[in-house]
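Participant: Output the structure for:
(one chain, ligands or ions: 1)
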Amino acid sequence: GCYADPIKAGIDADAVFDGMTEHLFFTLGKLATSASLRDLYMALSYAVRDRLMTRYLASQEAIRAKPHKTVAYFSAEFLIGPQLNNNLLNLGIQEEAEEAVKRFGIESLNDILEVEEEPGLGNGGLGRLAACYMESLASLQVPAIGYGIRYEFGIFNQIIRDGWQIEVTDKWLKGGWPWELPQPDESCFVGFGGRTENYIDDQGNYRSRWIPSEHAIGVPHDIPILGYRVNNCDRLRLWRADATESFDFYAFNIGDYYGAVEEKVASETISKVLYPNDGTDEGRRLRLKQQHFFVSCSLQDMIRSLETRNIPVEQFSENWTVQLNDTHPAIAVAELMRLLIDNHHFEWDQAWDITNRSVAYTNHTLLPEALEKWDLNLFKSLLPRHLELIYEINKRFLQQVRLRYPGNDLILRKLSIIDEEGSKAVRMAHLATIGAHNVNGVAALHSDLIKRQLMPEFADLWPEKFTNVTNGVTPRRWVALSNPELASLLDQEIGSNWITNMDLLTQLEEKENDSNFLDVFGATKLLGKRKLAGYIHRQTGILVDPSTLFDVQVKRIHQYKRQHLNALQIIAQYLRIKNGTAHSIAPRTVIFGGKAAPGYLMAKLMIRFINGIAEVVNADPDMDGKLRVVFLPDYNVKLGEQVYSATDLSEQISTAGKEASGTGNMKFAMNGALTIGTLDGANVEIRDRVGKENFFLFGKTESEIMKLRKNGYDPKQYIEKSPELSEAIRLIELGHFSNGDNELFRPLLNSLTGYDPFFVMADFDDYLLAQDRVSKAWQNHKEWNRMALLNTARSGFFSSDRSIREYCSSIWKVNPLEVEITC
Ligand code: 26Y
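Facilitator: Residues are numbered from 1 along each chain as shown. So this is what the prediction gives:
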């Protein structure tokens, strides 16, 4: 069907210009003559959004017309990044938009793109993965809806003052955000607290129900997600928490105005802020509230959508497949059971069958501190009915376990949803694993470790439930948008189909000995580096030379990611230069970016440490032309787009066994950076594919690390054996990187020389040797470019299109649904 005036939907430059003019006047109340860059950004965004609407509505109509299984991707985080350029690209109107904005006297579309503020509704990898997957789902024409939370404040903005991280509230909505469509008429009610009761219904059936003591309303805010050059436009539905009217009304009547307002504030607090801790589970009550809030709204929404289409709720699992992005939405298992049993009066077995058939769970971490556990009393006070259902799920499950392992009480304790060691708690990973028909890890090594280390008893019970889907990233954002120079080179050489079929990149292998081509390939990289050098100068005042090796580590700051290993290596290089023993080291610009969780003191100290080193190195004339250190503040999606295309060396140096997958590693490789890395997460698969001669490997393997730990690891032994490491540590102790303050980095030094929980000392020497191989390789630019080219050529596997195809065929059993528009 055709739902819009073709003039509004027109996509040539004239139509875009007219659309902008109209929105400037009618939507923004501005005259073109007085419009600011921001006004023009808003006008163009509205004009582009108009052009998504036909596709968006046609996509919804296609499902309404003919039932088709739809993916519901449940995630507490969606780190979608800037929207304008992505929509221009996927619509195919970047050039038309460029021409239209020029008619307003703007020099370049980039000036407008730069104004866009990104919604930071995620911490890092997990949230960004959800965004890549939504884009690939739409591009592969798979009907899908992403369900999450519309946080009023996303991940904090980071500023660096005196070398320390300062957190600033992220007010992404302040100037109005043009990409969302509020749909208050589709709001949902959610309960919290209160009690449960049993009753006999009108037909004489014995039933249970929940009488919550509090309510909130979820108001959906929808963001269209257009696929690349297709009509399919999926939807990201984020819930905002509002207060319910009835409470205010009651309180007003008894004269308690302040009470009423407090209640309203409490409800609206639910979607106020994203928890900024990536990896450490602080077990906060409000976070459990957030989780139940968005999960309940989403499941109600899905059931209602069946009802409005006259599809019986019995057919839930034929029409929906729910993917849980980690355990954050795992309450879905209990909530779906509750909705089916209490509200729709299903029998237990049928409800369980529907739940189990619909739900699948992705695990993103093995770190014990990141595995969600809720204190039983807290859980009971917030979700009493869910706890009853969880007890029943657990009882039936443990009965099954007893039959399988008669007389084995140990295994019952290990598998139970309820953790009985110490104070009792609900283990969300167990709830998710029992409720789901599939559990997957995010890289081959990680999925293997889930089976061998994290949940061996579950894997033994249900071997076929555990699978792997290696992560991927979307080439639309991470090549075409962020590296236009490389994209047009690829278009020229192999045609433009690579963007939806990254396997075609292997054709580049034919060019590996084509000297002219390698020069051109190297020149595109240099362009990216020049742009980044400009940005670095504007942001930090540091002048960096684009001809030096750009050595980059961007990711959340975490001990297991070992930014301090990189920092120590910089000190060693600094000492070599100082001592005149730096014979063949490559001139380098080492760049860091990333946020630390506000309560993670060691990570914040690591930022201070890097900045302390940067201050000393950058001020020392002996380092000129040899070494520069930069900490880029406020790393986010937008900055990532500038960084990946400008990198020569990608630092992926986590302790083996700790990084589930990594996805930055994939973005770097696609853009022709070489990796220095450990055998961890997806690094293993990257190395297998790009070739071990095109990857700088170092460090202990996961099993070597395990052995070390078992046999009593002593970091001091490694320090004693390594003169360069000892000297680096001595310099830090002397306060060389802290203006003589020899206490500042004490906690970091104590950790490294005492327990060294992430084996930094054990891997240091091998890391330094690998960095020497990097330096040596950099001397021969042709050879470096050849290796870089092979990284791009062989990284097609890491497209999220491949990941999504795997999810579709092996877990979700969904097919594409081509959306046609006839007008
Ligand atoms: C429990 C809560 C505080 C929490 C919040 C956020 C726990 C974890 C997280 C975020 C985890 C995360 O981002 N994990 C990363 O997921 C990526 C996508 O699969 C992986 O590539 C990466 O290795 C993993 O650390």
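Participant: show me where the stretch 451-600 of the chain has strands.
Facilitator: 466-468, 549-554, 588-593 (DSSP state E, counting those that start in this stretch).
Participant: out of those strands, which comes closest to the ligand?
Facilitator: Nearest of these to the ligand, taken as Cβ to the nearest ligand atom: strand 466-468 at 11.8 Å. The C-beta positions use only the backbone N, C-alpha and C, and glycine is treated the same way.
Participant: Partner strands of that closest one and their direction?
Facilitator: When sheet partners are counted by DSSP bridges, strand 466-468 sits next to strand 438-441 (parallel).
Participant: who's in contact with the partner strand?
Facilitator: Contacts with strand 438-441, where a contact means Cβ atoms under 8 Å, 6 or more residues apart in numbering, come from 360-363, 432-433, 447-450, 455, 458, 465-469, 660, 810-811.
Participant: and if we set it to 6 Å?
Facilitator: In this structure, residues lying in contact with strand 438-441 by Cβ atoms under 6 Å, 6 or more residues apart in numbering are 360-363, 433, 447, 450, 465-469, 811.
Participant: Which members of those residues are classed as buried?
Facilitator: Buried by 16 or more other Cβ atoms under 10 Å: 360-363, 433, 447, 450, 465-469, 811, out of the contacts of strand 438-441.
Participant: From those, which land in helices?
Facilitator: Members of the buried ones among the contacts of strand 438-441 lying in helices (criterion: DSSP state H): 433, 447.
Participant: now the buried ones among the contacts of strand 438-441 as JSON lines including pLDDT and distance to residue 317?
Facilitator: Shown next, in JSON lines, are the buried ones among the contacts of strand 438-441 (pLDDT from 0 to 100; distance: Cβ to Cβ, whole Å):
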{"residue": "360", "pLDDT": "99", "distance to residue 317": "11"}
{"residue": "361", "pLDDT": "98", "distance to residue 317": "15"}
{"residue": "362", "pLDDT": "98", "distance to residue 317": "18"}
{"residue": "363", "pLDDT": "98", "distance to residue 317": "22"}
{"residue": "433", "pLDDT": "98", "distance to residue 317": "18"}
{"residue": "447", "pLDDT": "98", "distance to residue 317": "24"}
{"residue": "450", "pLDDT": "98", "distance to residue 317": "24"}
{"residue": "465", "pLDDT": "98", "distance to residue 317": "16"}
{"residue": "466", "pLDDT": "98", "distance to residue 317": "20"}
{"residue": "467", "pLDDT": "98", "distance to residue 317": "18"}
{"residue": "468", "pLDDT": "98", "distance to residue 317": "23"}
{"residue": "469", "pLDDT": "98", "distance to residue 317": "20"}
{"residue": "811", "pLDDT": "98", "distance to residue 317": "13"}
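Participant: which other residues reach stretch 292-306?
Facilitator: Stretch 292-306 is contacted from outside by 147, 149, 188, 190, 218, 239, 270, 313, 320, 329, 331-332, 335-336, 339, using Cβ under 6 Å, 6+ apart.
Participant: Quick check: residues of the chain near the ligand?
Facilitator: Counting by Cβ under 6 Å from any ligand atom, the residues of the chain close to the ligand are 123-126, 129, 275, 277-281, 364-365, 370, 372, 442, 471, 659-663, 681.
Participant: Can you give me the neighbour number for the one residue in the stretch 501-650 of the chain that gets nearest to the ligand?
Facilitator: Residue of the stretch 501-650 of the chain nearest the ligand, by Cβ to the nearest ligand atom: residue 556 (7.4 Å). Counted with other Cβ atoms under 10 Å, residues neighbouring residue 556 total 22.
Participant: same thing with residue 205?
Facilitator: As a burial measure, residue 205 scores 9 neighbours (other Cβ under 10 Å).
Participant: now the one 10 residues further on
Facilitator: For residue 215, the count of nearby residues is 17 (other Cβ under 10 Å).
Participant: residues touching residue 378, list them.
Facilitator: For residue 378, the contact set (Cβ under 6 Å, 6+ apart) comprises residue 285.
Participant: same check, this time on the one 4 residues further on
Facilitator: Listed by Cβ under 6 Å, 6+ apart, the contact set of residue 382 reads 192, 288.
Participant: Any idea how far stretch 767-784 is from the middle of the chain?
Facilitator: 31 Å (Cα atoms, centre = their mean, to the nearest Å).
Participant: same question, stretch 748-759
Facilitator: The answer for stretch 748-759 is 29 Å, by Cα atoms, centre = their mean.
Participant: what's the model's confidence in it, averaged?
Facilitator: Taken as a whole, stretch 748-759 carries a mean pLDDT of 98.
Participant: same thing with stretch 684-698?
Facilitator: For stretch 684-698, mean pLDDT rounds to 98.
Participant: For stretch 360-376, buried residues please.
Facilitator: For stretch 360-376, the neighbour count (16+ other Cβ under 10 Å) marks 360-367, 370-376 as buried.
Participant: if we can go back for a sec, with distance to residue 755 as extra columns, can I get the strands of the stretch 451-600 of the chain in JSON lines?
Facilitator: Formatted as JSON lines, the strands of the stretch 451-600 of the chain follow (distance: least, Cβ to Cβ, whole Å):
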{"stretch": "strand 466-468", "distance to residue 755": "32"}
{"stretch": "strand 549-554", "distance to residue 755": "23"}
{"stretch": "strand 588-593", "distance to residue 755": "24"}
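Participant: what about the ones you listed, which gets the closest to residue 574?
Facilitator: Closest approach to residue 574 among the strands of the stretch 451-600 of the chain (Cβ to Cβ): strand 588-593, 10.5 Å.
Participant: Could you identify the helix or strand that succeeds the closest one?
Facilitator: Using DSSP states H and E, the helix or strand that follows strand 588-593 in sequence is helix 601-619.
Participant: what's the farthest-apart pair in the contacts of strand 438-441?
Facilitator: Greatest spacing in those, by Cβ to Cβ: 433 and 469 (16.0 Å).
Participant: before we move on, the earlier item: just the ones of the contacts of stretch 292-306 in helices?
Facilitator: Assigned to helices by DSSP H, the following of those qualify: 332, 335, 336.
Participant: Now flag whichever of the residues you listed is closest to the ligand.
Facilitator: Of the ones in helices among the contacts of stretch 292-306, the one sitting nearest to the ligand (Cβ to the nearest ligand atom) turns out to be residue 332, at 15.8 Å.
Participant: wait, what's in contact with the closest one?
Facilitator: The contact partners of residue 332, by Cβ under 6 Å, 6+ apart, come to residue 295.
Participant: quick revisit: if any of the residues of the chain next to the ligand are buried, put those into a ChimeraX selection.
Facilitator: Per 16+ other Cβ under 10 Å, the buried members of the residues of the chain next to the ligand correspond to this ChimeraX selection:
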select :123,124,125,126,129,275,277,278,279,281,364,365,370,372,442,471,659,660,661,662,663,681
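Participant: Quick one: residues contacting the residue nearest to residue 281 when sequence neighbours are not counted.
Facilitator: Nearest residue to residue 281, sequence neighbours excluded (Cβ to Cβ, 6 or more residues apart in numbering): residue 372, at 5.1 Å. Counting by Cβ under 6 Å, 6+ apart, residue 372 touches 281, 327, 428.
Participant: List phi and psi for residue 426.
Facilitator: Main-chain dihedrals, residue 426, degrees, to the nearest 10: phi -90, psi 120.
Participant: Grab the nearest non-local neighbour of it.
Facilitator: The shortest distance from residue 426 to any non-neighbouring residue, by Cβ to Cβ, 6+ apart, is to residue 374 (4.6 Å).
Participant: In which helix or strand does residue 14 reside?
Facilitator: helix 13-22.
Participant: Could you identify the most distant pair in the contacts of stretch 292-306?
Facilitator: So, those by Cβ to Cβ: farthest apart are 270 and 313, at 26.7 Å.
Participant: So for these two, which sits in the more crowded spot?
Facilitator: Regarding residue 270 and residue 313, a neighbour count based on other Cβ under 10 Å identifies residue 270 as having more, with 24 against 17.
Participant: just checking, that one touches residue 240?
Facilitator: No - using Cβ atoms under 6 Å, residue 270 makes no contact with residue 240, being 8.9 Å away.
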